[in-house]
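>>> Pasting a predicted model and its sequence here:
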Amino acid sequence: MADYRKQGDVAVLHANNPPVNALSYHVRQGLYDGIEAAEKDPSVKCIVICGKGKTFPVGADIREFASGSAKKFPNLIEVCDKIEACTKPVVAAIHGFALGGGLEISLGCHYRIGGTSCKVGFPEVNIGVLPGAGGTQRLPRVIGLKPSLDIITSGCHVGAKEALKLGILDKIVQGDVVTEGIKFAKSVQNQPLHGRRVSTMAVPDVSQANALCNSAMAEVKRKSSGLLAPVACVKSLRVAAQTPYKDGIKIESALMLQLMTSGQAKALQYAFFAERLASKWQVPGGASHATVTPRPVKSCAVVGGGYMGSGIVMCILNAGLPCILVEANQKFLDRGIKMIQGLYAGSVKLGKMSEQDAKKTLSLLKPTLRYEDLKDVDVVIEAVFEDMKLKQEVFGKLDKVCKKDALLCSNTSTLNIDKIASATRRPDRVMGMHFFAPAYYMKLLENIRGAETSPQTVATVTQLSVKIGKVPVLVGNCHGFVGNRMMAPYTTEAQRLLEEGAYPHQVDQVIEEFGIPIGPLKVGDLTGLDVSWKITREVSRMLGLDHTKREDVEPFGLYFPVRNALYEKGRLGRKTGAGFYKYEKAGSKVAIPDPLVMDIIDHHCREEGIDRRRIPPQEIYERCLYSLINEGFKTLEEGIAARPEDVDIIWLLGYGWPRYTGGPMHFASQIGLRRLYGRIEYYHNKYPDRDHWTPSRLLKTLSQQEHPVPLAQWGQFASTTSRL
Ligand SMILES: CCCCCCC[C@H](O)CC(=O)SCCNC(=O)CCNC(=O)[C@H](O)C(C)(C)COP(=O)([O-])OP(=O)([O-])OC[C@H]1O[C@@H](n2cnc3c(N)ncnc32)[C@H](O)[C@@H]1OP(=O)([O-])[O-]
Ligand SMILES: NC(=O)c1ccc[n+]([C@@H]2O[C@H](COP(=O)([O-])OP(=O)(O)OC[C@H]3O[C@@H](n4cnc5c(N)ncnc54)[C@H](O)[C@@H]3O)[C@@H](O)[C@H]2O)c1
């Protein structure tokens, strides 16, 4: 709704829909009625529109797109037109964010003022739509075509200063924005409105419009190939430059309608809400984010300042928390500090941070070689080598030196959290915090709850994760947790395809065309074939197998003859300039298909008596992606993942799964679970020895329901107790 009050001869309209004043039906109605009432009231001379609470409206209510309420009278176009047509001056007083429909409302106003820290923008492309309430038509009339193309196709926020410079804001004000808005409105109440109604203006300097739009179109197609929304934005902006508002708005609306009903928009909006759901955890027994109070965290420590540890330190420092870094010896400590300093220096060079801020942030870091220095910290995150014996040794030490209520966390990517916790006398205060590389950049944090981890530990770690800028997803304890566990069948199938008829570039091409930025074999080269070779050896050891014996490892899906042959030839991936591909030189990024690798593969097949066949792209697609999805369903049926949305967020934020498909689980729902199950069963019959093709029981049950079960209800069909 919108609150209407009068202050002298000024009508003040507050959009009131906490927490972000999304423009749902009642808010639109309130604003529309408010303008009408102010127009009718002879004692009102001018009007101020603002937002209650922490922000100006941040846009349309995204949930109303699916329900259809977004189109209900008065829709957002009608509200903006109503405001603009008002015969009394209307001023938008912006604090917080004016995004999407919120910015459109303010462009419907005759004047816009903003607080010093306000931000404006059109983030619609991020959720698969366009600024469809006149945004693509009004913004270029205010600021010109080029900056409008930049703002609308990028979805980026624009700060107050820049907004003033561009002309989006008429003034930046200090202090309370509503009070200032009232003052401003009074100052313009007698000014004629002619020339202030944006829809009546012409887009300035359209001589270069075609060239600008052509180049913007080429750019969005290059950057976000396959995405519908940015293309539609450019189309709509081109129209704005060429036609009067009344015609442009019709084309904008038609484009909006197409986008709103597209699968991409649904998937992107699903991802938007899934991301916000992720930190809302619940564990068996009922404890949840809503019921458990986290402990305050005032200081942290990181053990191991290698590749991951140094990135984790930066996340902590960036959040303004003091952090101690412990290393095994001076050489590695120096190397870690140098890495951290170098990254901050890089940020300063790129203008992302001032030198002073970098200095201040770095002053929160305390390097040491003494574990005893950790005695007062609230949370320790361990990031030493992936070795159970070493991790247990470190946790044993930490348990001795750290205060009793300190939390001890591990950045392990695969190891058993309970086993690590068993080295301490406080398993209730031990948890996994699985960061993704590079840790200072990647938003995902897979937090692993052990069998004895207490709800308060979960609450504290979740709160800390958010504080350091991450999206935390709580998962249960198993080998590889959710993300890496799902990765295993995907990479296994990618490699097995090589033995049957495909070459590395053919496999990667299919996956990259699907939208994952780097195919599985290029990822193999990136991480290093020696690294995956060692992992295979370790896992084989854990299972009591000899990794050199095919008959031992093959039944467990651990037999990778092509990778092994490349490894034995010293082709360790990008770092050696050769792996599944060749590279111009060691460390180069461009992977070049290598006839030598094809010969190695052909030779292997001849030796094994394998008749190579042409593998159709559809088979590559299904074997890599469906095996991964099947594993995702298994994590749900075992209660390792709590919700399909969590699985999706892990893959969207951690592994580059294309956001416009919503994530593997949402994608599965779009394929249709019956069809998906059928294909998985087909491959299970074809490759009965590969455990990862055993169909998930949950998927089977869901596929047998008479009507498709909405994704949000899948959890009700998972039969096993949660292992979270
Ligand atoms: C015929 C006509 C057709 C219609 C035309 C429409 C045209 C229009 O151009 C389309 C739009 O405006 S498209 C829209 C364009 N605008 C955008 O895309 C802006 C999207 N929003 C954002 O970017 C961020 O929320 C902010 C940066 C605003 C705040 O960040 P922060 O402080 O970290 O807060 P937070 O944690 O992110 O959110 C807090 C709570 O609010 C919830 N919620 C938020 N926005 C919502 C929305 N629009 N809706 C609903 N709910 C929304 C969010 O889910 C969460 O709920 P929870 O239940 O508590 O979990
Ligand atoms: N590399 C990745 O992409 C990645 C991603 C997610 C998680 N992880 C996990 O993060 C952890 C660290 O991996 P990394 O890639 O940073 O390894 P790394 O080899 O770069 O760093 C490990 C560091 O730990 C230090 N160290 C060893 N023993 C120590 C001890 N007793 N006390 C203090 N420091 C000690 C080493 O000196 C080294 O600097 C592993 O568990 C790994 O599985 C790695």
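That came through, no problem. Ligands and ions are numbered 1, 2, ... in the order given.

>>> count of neighbours near the residue nearest to Gly100 when sequence neighbours are not counted?
In space, Gly100 comes closest to Gly59 once its chain neighbours are excluded; the distance is 2.8 Å by CB to CB, 6 or more residues apart in numbering. Just so you know, the C-beta spots here come from the backbone N, C-alpha and C atoms, and that holds for glycine as well. By other CB atoms under 10 Å, 28 other residues sit near Gly59.

>>> Just the pLDDT for the closest residue to Thr200 other than its chain neighbours.
Counting by CB to CB, 6+ apart, Thr200 lies nearest to Tyr245, which is 7.2 Å off, once chain neighbours are set aside. pLDDT, Tyr245: 97.

>>> does Tyr245 really touch Gln137, like I thought?
Yes: if you go by CB atoms under 8 Å, Tyr245 and Gln137 touch, sitting 5.5 Å apart.

>>> what do those two both touch?
Common neighbours of Tyr245 and Gln137, using CB atoms under 8 Å, 6 or more residues apart in numbering, are Ser199.

>>> Any idea how many residues pack against the closest residue to ligand 2 within the chain?
At 1.8 Å from ligand 2, Gly306 is the closest residue in the chain, using CB to the nearest ligand atom. For Gly306, the neighbour count with other CB under 10 Å is 16.

>>> repeat for Leu653
24.

>>> Point out the residues in the stretch 1-150 of the chain that sit beside ligand 1.
Residues of the stretch 1-150 of the chain found near ligand 1 (CB under 6 Å from any ligand atom) are 19-20, 22, 58-63, 70-71, 75-77, 97, 99-101, 104, 123-124, 127, 129, 131-133, 135.

>>> Could you tell me which of those residues are located in helices?
Among these, DSSP state H puts 63, 76-77, 101, 104, 135 in helices.

>>> Where is pLDDT lowest across the residues you listed?
Arg63 (95).

>>> When Tyr245 and Gln137 are compared, which one has more neighbours?
Neighbours were counted for Tyr245 and for Gln137 using other CB under 10 Å; Gln137 has more, 32 against 22.

>>> check contacts around the residue nearest to Thr200.
134, 137-138, 141, 199-200.

>>> Now with 10 Å, please.
81, 84, 134, 137-138, 141, 197-203, 252 (CB atoms under 10 Å, 6 or more residues apart in numbering).

>>> Leu227 now?
So Leu227 contacts 125, 128, 220-221, 264, 268, 515, 658-660 (CB under 10 Å, 6+ apart).

>>> Count the neighbours of the closest residue to Gly480 other than its chain neighbours for me.
Spatially, and ignoring its direct neighbours in sequence, Gly480 is nearest to Thr414 (5.1 Å; CB to CB, 6+ apart). If you count neighbours by other CB under 10 Å, Thr414 ends up with 18.

>>> And the helices in the stretch 501-650 of the chain?
504-514, 520-527, 529-542, 550-553, 561-568, 595-608, 617-637, 644-654 (DSSP state H, counting those that start in this stretch).

>>> which stretches of the chain aren't confidently modelled?
Residue ranges of the chain with pLDDT under 70: 719-723.

>>> Within the helices and strands, which one has Gly285?
Under the criterion DSSP states H and E, no helix or strand holds Gly285.

>>> Can you tell me which of the helices of the stretch 501-650 of the chain is most buried?
helix 644-654 (a mean of 27; mean count of other CB atoms under 10 Å).

>>> could you check whether it is close to ligand 2?
No: residues of helix 644-654 are not located near ligand 2 by CB under 6 Å from any ligand atom, the shortest gap being 9.5 Å.

>>> re earlier: list the contacts of the residue nearest to Gly480.
Taking CB under 10 Å, 6+ apart, one finds 386, 388, 434, 478-481, 484-485, 488, 535, 538-539, 542 in contact with Thr414.

>>> Quick one: buried ones out of these?
386, 388, 434, 478, 480-481, 484-485, 488, 535, 538-539 (16 or more other CB atoms under 10 Å).

>>> can you give me the strands for the stretch 51-200 of the chain?
With strands called from DSSP state E, counting those that start in this stretch, the stretch 51-200 of the chain shows them at 90-94, 97-99, 111-115, 119-121, 157-159, 171-173.

>>> Could you tell me how far the second one lies from the centre of the chain?
With CA atoms, centre = their mean, to the nearest Å as the basis, the distance from the averaged C-alpha position of strand 97-99 to the chain average is 20 Å.

>>> what does the fifth one give?
Strand 157-159 has its C-alpha centroid displaced from the chain centroid by 20 Å (CA atoms, centre = their mean).

>>> nearest to ligand 1, of the contacts of Thr414?
His434 (22.6 Å).
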